[in-house]
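A.B. asks: quick one, what's the 3D model for this:
(4 chains)
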Protein chains: 2
Amino acid sequence: MTDVNAEVATLSIGEVSALTGLATHTLRFYEKEGLLPPVRRDAAGRRVFTDGDVEWLRVCGKLRSSGMPLPEIQHYAQLVREGAGNEAERFEILRKHEERVQRQVGDLQEALDIIHNKVELYARRLAAGTADALWRNGPECES
Amino acid sequence: MTDVNAEVATLSIGEVSALTGLATHTLRFYEKEGLLPPVRRDAAGRRVFTDGDVEWLRVCGKLRSSGMPLPEIQHYAQLVREGAGNEAERFEILRKHEERVQRQVGDLQEALDIIHNKVELYARRLAAGTADALWRNGPECES
DNA sequence: GCTTGACTTGAAGTCGACTTCAACTCGTAG
DNA sequence: CTACGAGTTGAAGTCGACTTCAAGTCAAGC
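C.D. replies: Residues are numbered from 1 along each chain as shown, chains lettered A, B, ... in the order given. Reported below is the predicted structural model:
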């Protein structure tokens, strides 16, 4: 199954942009920054991506959108490109990032609680027509 | 209870910084940007904050840390300062932000799933000593 | 054969939210 | 009395991650 399924799709930068949601600018930028290995070119010098590149770019996209800094993704990408032998280090990077994202989610949830309380408070008071009573004592006293 | 508990603490910018976790620079910046009403000064021109200010700054901090842009917080702060009569608009701002944060949390969770899978994958392979088998077919084929 | 649209490059610009800098004034402790 | 730490100001600098710009090349359709 994972064999020489040699149907290696050849994709233009525009197609890859559509598939990954990353702007063409960004794809070139990512290549320049070493997030993916130098992309092959056709006769006219245009980039030719494979579907493997798309897979990898999707991973990079998720790492970025979850807040991993570019230099760290770059480092990770380099380790992957170097091949076997540094799995422990890659594992560390991912594990550390997982923690970071969990912390992020926790912080957001905490903020969300407060915001949601405020939203509910406003909803109730607005519904009851008693919104005026909210500011007897300084700005926005809690319920 | 919420009465004339007139023990209005007078706090220096440094104390407020410690209480809110916001740098003194940031507090001045927020005042300049209109996130809080012009702070009173002592004889020597130094800012004198109240505990109400601290309350409000904590709210601002949560809005910021959950990704609300400064101009939007500023707008919200202005509405609050204007007093009664614009509750519906404030409600809209908060509700919209709540949605935004929920979306953010969702996106992060999605990324977290992928990252966690990878972490687990590495953990298993490393434990089994079969990490080498991970890169038979291009970068990081999934299990 | 000429326009159109997708692609190429390197350099420069943008954005938000601080952060740092330079040059000052105070009030208190030694 | 003088040094120190905390405060003041406006302006300028920083940071990351793009994004935009200028100036092209190339292949295909009309």
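A.B. asks: who in chain A is up against DNA strand D?
C.D. replies: For chain A, the contact set with DNA strand D under CB under 7 Å from any atom of the strand comprises A:23, A:25-26, A:29, A:43-45, A:64, A:69-71. To be clear about C-beta, it is placed using only N, CA and C from the backbone, and glycine gets the same treatment.
A.B. asks: at 6 Å what do you get?
C.D. replies: Counting by CB under 6 Å from any atom of the strand, the residues of chain A close to DNA strand D are A:23, A:25-26, A:29, A:43-44, A:64, A:69-70.
A.B. asks: and those, which of them are buried?
C.D. replies: Among those, those that count as buried by neighbour count (16 or more other CB atoms under 10 Å in any protein chain shown) are A:26, A:64.
A.B. asks: just the residues of chain A next to DNA strand D: which are in helices?
C.D. replies: A:25-26, A:29, A:64, A:70 (DSSP state H).
A.B. asks: rebuild the residues you listed as TSV, extending it with distance to residue A:115.
C.D. replies: Output for those, formatted as TSV (distance: CB to CB, whole Å):
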residue	distance to residue A:115
A:25	34
A:26	31
A:29	34
A:64	26
A:70	30
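A.B. asks: from those residues, which single one is nearest chain B?
C.D. replies: Closest approach between those and chain B, by CB to the nearest CB: residue A:64, at 9.2 Å.
A.B. asks: OK, contacts around that closest one?
C.D. replies: A:70, A:73 (CB atoms under 8 Å, 6 or more residues apart in numbering or on different chains).
A.B. asks: where's residue A:48, which helix or strand?
C.D. replies: Element membership for residue A:48, per DSSP states H and E: strand A:47-48.
A.B. asks: brain fart, residue A:96
C.D. replies: Assigned by DSSP H and E, residue A:96 falls in helix A:87-128.
A.B. asks: tell me what that helix is packed against?
C.D. replies: Judged by 3 or more CB pairs under 8 Å, 6 or more residues apart in numbering or on different chains; DSSP states H and E, the packing partners of helix A:87-128 are helix A:70-82, helix B:51-65, helix B:87-128.
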